[in-house]
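Trainee: okay, here's the prediction I keep looking at, along with the sequence it came from:
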Amino acid sequence: MVNIVYGPVPSWRLGRSLGIDATLLPKACTFDCVYCQLGKTIRKLSSPKELNPVIGVEELIKQLERKIEKVGPDSIDLITFSGTGEPTLNPSIGSMISAVKRLIPFKPVAVLTNSSLVYLDEVRNALSNADLVSFKLDAADQQTFEEINRPVANIPNIKEIIESIKKFKAGHHGILALQIMLVDSIKPDFRVNFKGEALNCLIEGIAEIQPDQIQLNTPTRPVMEKHIKPVNSTILSAVEERIKEVTPESEVIRVDEERAPLKSIKREKKPIEELRGDILALLKRRPCRAVDISIALGTEKREIEAIVRSMVKEGVIIEIRSERGTYYTYSS
């Protein structure tokens with residue numbers, strides 16, 4: 001069986017997160033976002049009924065027990081449903097959340113969702129038991145939504161999605177966060193979301209929802225569409241101030257803020273093949289630098305560098321050079 005539990009992964013939003021991949025490769029999603037670090041959406045789905053195969057709760061618990069024993073519970077801040085696709089496409093997501101909370105009641109459970117399926121009663125009910133639900137909101141007008149997120153057919157319009165998030169918030173007792181990706185482009189006709197009418201609509205949408213937390217981001221890893229680029233720190237600050245004006249009670253977390261030091265996982269000498277498997281499990285879910293892999297796996301950076309060089313030569317993974325260093329990703 002393919003690993004569905006991965007990490008822990010250092011997260012600027014959430015601390016050290018043990019990940020659960022509820023969909024698996026090839027990438028299954030309701031969106032095909034221009035900035036996605038996982039590349040093109042292969043399985044474009046619009047309903048949980050379309051996902052096949054479906055990961056079972058029993059397999060999840062078996063793998064989670066093994067992982068907790070290996071890394072130690074103190075090295076984990078929370079359990080996060082996020083991976084190679086949209087987690088709410090899995091019709092068992094509610095049962096999976098409940099099972100995780102029974103197994104590890106002392107760790108919060110988070111779900112990162114693109115918000116597209118929250119209009120469904122069964123999805124809202126499934127997410128209600130999570131301690132933190134982070135909803136994507138990159139746009140609040142239809143034109144920008146379609147240009148940046150590129151939803152598949154039969155997904156509600158962005159106004160309906162916002163109304164559904166508000167409906168979920170009214171009945172949820174945990175933390176509701178919005179994850180916002182600000183993007184720029186070298187294409188002059190691309191509708192960016194950090195200025196003009198698109199930003200005004202986005203600010204209005206955020207104000208309508210009044211989330212507990214806003215996670216303000218810009219692409220820092222290699223993205224799918226090469227014309228997409230990050231916004232600068234000045235723009236992030238300006239947008240942050242506008243958000244704070246309309247959400248005075250919300251916490252705003254920025255991607256470029258200094259975060260508290262992450263806990264180290266339990267260090268142990270691992271066989272090379274086990275390390276290769278752990279590295280591959282990480283890179284299937286997100287591009288990482290050698291230092292990111294080293295922190296996540298509790299292994300010396302020099303050893304990680306030697307292994308990833310070997311894996312690149314074999315064609316198992318590929319390297320992508322960017323302003324923030326060399327990233328490695330799964331060679332699908």
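Mentor: Alright, I've got the coordinates.

Trainee: low pLDDT regions in the chain?
Mentor: In the predicted model of the chain, residues 1, 12-14, 256-269, 332 satisfy pLDDT under 70.

Trainee: show me it divided up by domain.
Mentor: With domains defined by automatic domain parsing, the chain comprises 5-254, 272-330.

Trainee: tell me the most buried of the ones you listed?
Mentor: Among those, domain 5-254 has the highest mean neighbour count (mean count of other CB atoms under 10 Å), at a mean of 19. To be clear about C-beta, it is placed using only N, CA and C from the backbone, and glycine gets the same treatment.

Trainee: strands along the stretch 101-250 of the chain, start to end?
Mentor: Taking DSSP state E, counting those that start in this stretch, the strands of the stretch 101-250 of the chain run over residues 109-113, 132-136, 175-181, 183-185, 213-217, 228-230.

Trainee: next, format these as JSON lines and append distance to residue 276.
Mentor: Listed next are these as JSON lines, based on distance: least, CB to CB, whole Å:
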{"stretch": "strand 109-113", "distance to residue 276": "27"}
{"stretch": "strand 132-136", "distance to residue 276": "31"}
{"stretch": "strand 175-181", "distance to residue 276": "31"}
{"stretch": "strand 183-185", "distance to residue 276": "34"}
{"stretch": "strand 213-217", "distance to residue 276": "30"}
{"stretch": "strand 228-230", "distance to residue 276": "31"}
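
Trainee: of those strands, which is nearest residue 282?
Mentor: With CB to CB as the measure, strand 109-113 is the member of the strands of the stretch 101-250 of the chain nearest residue 282 (16.1 Å).

Trainee: so which elements touch that closest one?
Mentor: Other elements packing on strand 109-113 under the criterion 3 or more CB pairs under 8 Å, 6 or more residues apart in numbering; DSSP states H and E are strand 78-81, helix 93-103, strand 132-136.

Trainee: sheet partners, orientation included, of that strand?
Mentor: If you go by DSSP bridges, strand 109-113 pairs up with strand 78-81 (parallel), strand 132-136 (parallel).

Trainee: closest one to residue 311 among those?
Mentor: With CB to CB as the measure, strand 78-81 is the member of these nearest residue 311 (25.2 Å).

Trainee: which residues touch the closest one?
Mentor: 11, 14-15, 17-20, 22, 64, 87, 93, 96-97, 100, 104, 107-112, 130-132 (CB atoms under 8 Å, 6 or more residues apart in numbering).

Trainee: please redo it, this time with the cut-off set to 6 Å
Mentor: Contacts to strand 78-81, defined as CB atoms under 6 Å, 6 or more residues apart in numbering, come from residues 14, 17-20, 22, 87, 100, 107-111.

Trainee: fine, thanks again, bye for now.
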